[in-house]
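# next come a sequence and a model predicted from it.
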Amino acid sequence: MNAEIILFITLALIAAVSSVMMITRPNAVISAVFLVLNFFALAGLYLLLNAQFISVVQIIVYAGAIMVLFLFVLMLLRTESEPKVFLDKKPIKMFALFITVFVFIQVAYLILVGKPSGNLTPDQLKSIETGTIQSIGRELYTNYILPFEVAGFLLLAATIGAMVLAKKKFE
């Protein structure tokens with residue numbers, strides 16, 4: 001076994017365990033923390049797939065910005081006073097368990113029986129090169145510079161508009 005397979009197995013186990021821990025925790029804030037751990041494990045898996053840009057976006061956007069907003073809303077809602085919805089719903093729990101076992105068997109079959117090819121085609125090599133941050137940046141700043149600048153100005157205008165609307169009293 002090489003280091004890439006060991007790293008894949010480790011990150012996959014972290015992602016799987018953190019996802020199960022996320023849905024089984026009674027406290028919503030602790031569930032959100034496990035979701036952040038899952039996002040980091042997925043970012044590592046994206047790196048193993050040579051998708052550096054998606055990996056960085058996964059950490060910055062999802063684990064950073066989206067989860068901060070999500071935690072803020074959770075803390076404002078105070079979900080600990082909510083009634084437990086699925087406490088006495090045994091058929092739903094059994095159906096969820098059946099689906100979980102079914103998906104697990106499918107994934108195990110793909111991992112144990114599937115035979116990945118060792119050599120990459122030229123299209124696959126080009127796909128790996130396309131996903132790098134350098135190639136995305138090169139395309140963004142050469143072929144798509146005008147839409148990029150327009151999007152930047154629109155975001156600046158939206159930020160200034162939000163600040164003006166949030167201001168209580170004009171001086």
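That came through fine. Numbers count the residues shown, from 1 in each chain.
# mind listing the helices for this protein?
In the chain, the segments counted as helices under DSSP state H are 3-24, 28-48, 52-57, 67-77, 90-113, 122-130, 133-142, 145-166.
# list the helices and strands the first one packs on?
Using 3 or more CB pairs under 8 Å, 6 or more residues apart in numbering; DSSP states H and E as the contact definition, the elements that helix 3-24 packs against are helix 28-48. From N, CA and C alone the C-beta is placed, and that goes for glycine too.
# tell me the buried residues in the helix it packs on?
Buried residues in helix 28-48, defined by neighbour count with 16 or more other CB atoms under 10 Å: 28, 31-47.
# picking up where we left off before, out of the helices of the chain, which gets the lowest mean score?
Among the helices of the chain, helix 122-130 carries the lowest mean pLDDT, at a mean of 76.
# packing partners of that one?
For helix 122-130, there is no helix or strand it packs on, judged by 3+ CB pairs under 8 Å, 6+ apart.
# distance between that helix and the chain's centre?
Once both centres are worked out by CA atoms, centre = their mean, to the nearest Å, helix 122-130 turns out to sit 23 Å from its chain's centre.
# what angle sits between that helix and helix 133-142?
For the pair helix 122-130 and helix 133-142, the angle between their directions (axes from the mean of the first three to the mean of the last three CA atoms, to 10 degrees) equals 70 degrees.
# can you list contacts of helix 122-130?
Contacts with helix 122-130, where a contact means CB atoms under 8 Å, 6 or more residues apart in numbering, come from N50, L120, S135, I136.
# distance check, the second one against S127.
When you say that, I think you mean L120. 9 Å (CB to CB, to the nearest Å).
# okay, now the domains of the protein?
3-119, 132-171 (automatic domain parsing).
# single out the most deeply packed of the helices of the chain.
The highest mean neighbour count among the helices of the chain, using mean count of other CB atoms under 10 Å, belongs to helix 28-48: a mean of 18.
# by contact count, what packs against that helix?
Under the contact criterion of 3+ CB pairs under 8 Å, 6+ apart, the helices and strands touching helix 28-48 comprise helix 3-24, helix 52-57, helix 67-77.
# closest to L165 out of the ones you listed?
helix 67-77 (18.5 Å; CB to CB).
# alpha carbons only: can I get that closest one in CSV?
Below are the C-alpha coordinates for helix 67-77, written out as CSV (Å, rounded to 0.1, in the frame of the first residue of the first chain):
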residue,chain,number,x,y,z
MET,A,67,-20.8,27.2,8.7
VAL,A,68,-20.2,30.5,10.6
LEU,A,69,-23.7,31.6,9.4
PHE,A,70,-25.2,28.2,10.2
LEU,A,71,-23.7,28.2,13.8
PHE,A,72,-24.9,31.8,14.3
VAL,A,73,-28.5,30.8,13.3
LEU,A,74,-28.3,27.6,15.5
MET,A,75,-27.3,29.7,18.5
LEU,A,76,-30.0,32.2,17.9
LEU,A,77,-32.7,29.5,17.6
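# before I go, just wanted to say thanks for your time.
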